[in-house]
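Engineer: return a 3D structure for these sequence lines:
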Amino acid sequence: MKKKKIVLILAGCLLIAGVSFGVTYSYMKASNEKVNEFTIGRNEIEVTEEYEPPKELKPGVAFTKKPCVKNTGNIACWVRMRADFSDSEMEKLCTFTIDSNWIKNSDGYYYYTQKLEPDATTPSLFEGVENNIQIKETLDGVAVDESKFVNFDILIYAESCGAEKGTTYQEAWGLS
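Structural biologist: Residues are numbered from 1 along each chain as shown. You can find the predicted model right below:
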């Protein structure tokens with residue numbers, strides 16, 4: 001009888017240990033999984049332009065320069081552009097009109113007033129179908145001295161920032 005009691009107690013302990021192990025293992029092994037998928041936004045632009053340099057620099061000569069910005073990323077963005085002349089005296093001698101979709105700010109940048117969607121391109125910074133930049137014939141009513149002409153470049157620089165829903169270009173660039 002004593003042996004039977006000991007066997008029953010050992011069997012009971014083994015049963016309790018087995019059940020406890022099974023419950024504990026199941027509890028520790030159970031998991032709930034949630035997969036989060038993220039899409040990374042790419043804010044990328046490229047400057048494109050049509051440019052026909054003048055054959056010679058002289059008063060009255062006009063030439064075509066049409067810099068645009070293309071959104072090559074996968075999110076909408078705000079764009080700004082700067083046009084720097086390599087020679088400030090030649091800049092004074094050139095006349096051009098900025099397209100109405102661009103607004104000049106005191107920081108020297110021209111801001112595109114619309115969100116630029118992916119794969120879209122801005123209108124040219126300089127307005128006009130062709131010959132949209134011209135070298136002046138007179139400056140302050142005095143004939144331009146052609147001997148002061150030097151070769152120059154118009155350097156185009158563009159930047160962009162991601163466009164959030166409901167923002168304006170002023171908010172995006174911290175102008176307001």
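
Engineer: where does the chain dip in pLDDT?
Structural biologist: 1, 7, 11, 19, 21-23, 25-31, 129 (pLDDT under 70).

Engineer: for this structure, just list every one of the strands.
Structural biologist: Secondary structure of the chain, counting by DSSP state E: strands at 45-52, 62-71, 77-85, 94-96, 102-104, 110-112, 133-135, 138-139, 142-143, 154-162.

Engineer: closest one to residue 6 among those?
Structural biologist: Smallest distance to residue 6 across the strands of the chain (Cβ to Cβ): 75.9 Å, for strand 154-162. C-beta: built from backbone N, CA, C; applies to glycine.

Engineer: what helices and strands are in contact with the closest one?
Structural biologist: Using 3 or more Cβ pairs under 8 Å, 6 or more residues apart in numbering; DSSP states H and E as the contact definition, the elements that strand 154-162 packs against are strand 45-52, strand 62-71, strand 77-85.

Engineer: kindly recompute the last result at 10 Å.
Structural biologist: When contacts are defined as 3 or more Cβ pairs under 10 Å, 6 or more residues apart in numbering; DSSP states H and E, strand 154-162 packs onto strand 45-52, strand 62-71, strand 77-85, strand 110-112, helix 169-172.

Engineer: tabulate those (TSV), appending mean neighbour count and distance to residue 140.
Structural biologist: As requested, the helices and strands packed on strand 154-162 are exported to TSV (neighbours: other Cβ atoms under 10 Å; distance: least, Cβ to Cβ, whole Å):
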stretch	mean neighbour count	distance to residue 140
strand 45-52	14	28
strand 62-71	20	20
strand 77-85	20	19
strand 110-112	22	25
helix 169-172	16	34
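
Engineer: make a markdown table from those and add distance to residue 96 to it.
Structural biologist: Converted to a markdown table, the helices and strands packed on strand 154-162 look like this (distance: least, Cβ to Cβ, whole Å):
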| stretch | distance to residue 96 |
| --- | --- |
| strand 45-52 | 13 |
| strand 62-71 | 8 |
| strand 77-85 | 9 |
| strand 110-112 | 12 |
| helix 169-172 | 22 |
